[in-house]
Every structure is written in C-alpha cells, then in structure tokens.
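> After the sequence you'll find the predicted model.
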Amino acid sequence: MKSNAARESFRSFIIFGLVGILNTGVDVAVFTLLTWWQLPWLVAQVFAYGCGVLNSFLMNRKFTFKQQGAIVKGLLRFLLLNVLTLGITSACLLLLHEQIGISLWISKGAATLLGVVLNFAGSRWWVFRAETRGNDEAIRHAGSGM
C-alpha cells in the first residue's frame, strides 16, 4: 500500500513539474510578446501571469491531481493563491529591476523561481489537497461495524 502511495506522490510531483514548465513557457511567451509590443513590464507581467494561471489550474486539476466535481472552491483558492503570488513576484521584479538595477530578464527569472516555489506549496497543501473528512468518517464507520 505504501509503495502505491509513494508512486502516486512521485507521479503527481513529476506531472506538476511538467505542467509548471508549460505554464512558465506560457508566462514567458506572453510576457515577451507584450514587452516587445512596448507595454509596460508590470502590465505585461499581470497579463502573462494570468495566462499561466489559467493554464495551470486547468491542467493541474485534470492531470496532476485528477479532481472532478465541484470546481468553484478549488478555483477560488487557486485564484487567491495566484493573486498573492502575483503580488510577491511583481514586488520581486520591482525590487530587483527598478530598485537594484538588475536586468529585466534576470529579475524575471528570479521572480519566476520564487513564484514556482510559492505555487507548488500552496497548490499541494491548500488548493488541491485531498478532502479527508469523508474518508475519516468512512474509516470510523468501518471500525465500529456500522
């Protein structure tokens, strides 16, 4: 039983990473296009990040965590997590690029790495966590002979 759980956790981690790479590609591609069109980097960051967020939620829900059913609670949590992460990554860009003077692309890379860590932790332990209330109740009933 433990080997199946460990195998499933490893599979989820690998798929989360692959989805994350794709999301980062979407984010960077949109950011590149928008900054190439001379949009301010903060506007480009918001739009690019939003595209990555939408892709991330849909793909992680379907492929990584294989969730079905009600979508609203997970989507709201996911949006809240990502608004928080957007604020933190934008502040990181502001600090590194505008205040310290590091190149925009190095700053964007650092902000992206920080965003990956924050999103993995929040997604794993808050947004897509398995609901245990029903499982705990089923175990209690099985143990009591009911």
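Perfect, I can see it now.
> My guess is N119 contacts L80. True?
No. N119 is beyond contact range of L80, at 11.9 Å (criterion: Cβ atoms under 8 Å). Every residue, glycine included, has its C-beta placed from N, CA and C.
> Neighbour count for the two, which is higher?
N119 (24 against 13; other Cβ atoms under 10 Å).
> ok now the helix ranked longest in the chain, how far from the chain's centre?
Looking across the chain with DSSP state H, the single longest helix is helix 2-36. Distance of helix 2-36 from its chain centroid, counting by Cα atoms, centre = their mean, to the nearest Å, is 8 Å.
> Stretch 122-131 too?
11 Å.
> List phi and psi for Q67.
Torsion angles at Q67 (phi, psi; degrees, to the nearest 10) stand at phi -90, psi 140.
> And for it, nearest residue in space, chain neighbours not counted?
R61 (5.1 Å; Cβ to Cβ, 6 or more residues apart in numbering).
> Hmm, F120 and T85 touching each other?
No. T85 is beyond contact range of F120, at 10.5 Å (criterion: Cβ under 8 Å).
> Which one of these two is surrounded by more residues?
Taking neighbours as other Cβ under 10 Å, T85 and F120 compare with T85 leading, 20 against 14.
> buried residues in the one helix or strand that one maps to?
Using DSSP states H and E, T85 falls within helix 72-93. Neighbour counts over helix 72-93 (16 or more other Cβ atoms under 10 Å) mark 74, 77-78, 81-82, 85-86, 89-90, 92-93 as buried.
> So, low pLDDT: which residues of this protein?
Low-confidence segments of the chain (pLDDT under 70): 1-2, 131-146.
> contacting residues around the residue positioned nearest the centre of the chain?
Centroid-nearest residue in the chain, with Cα atoms, centre = their mean: N119, separated by 3.9 Å. By Cβ atoms under 8 Å, 6 or more residues apart in numbering, the residues touching N119 are 20, 56, 81-82, 85.
> Just the closest of those to D27, please.
S56 (9.3 Å; Cβ to Cβ).
> roughly how far apart are the closest one and L18?
12 Å (Cβ to Cβ, to the nearest Å).
> If you count surrounding residues, which of these two has more?
Shown here are S56 and L18; by other Cβ under 10 Å, S56 has more neighbours (23 against 13).
> Test my guess that that one contacts I21.
No. The criterion here is Cβ under 8 Å, and S56 misses it with I21 at 10.9 Å.
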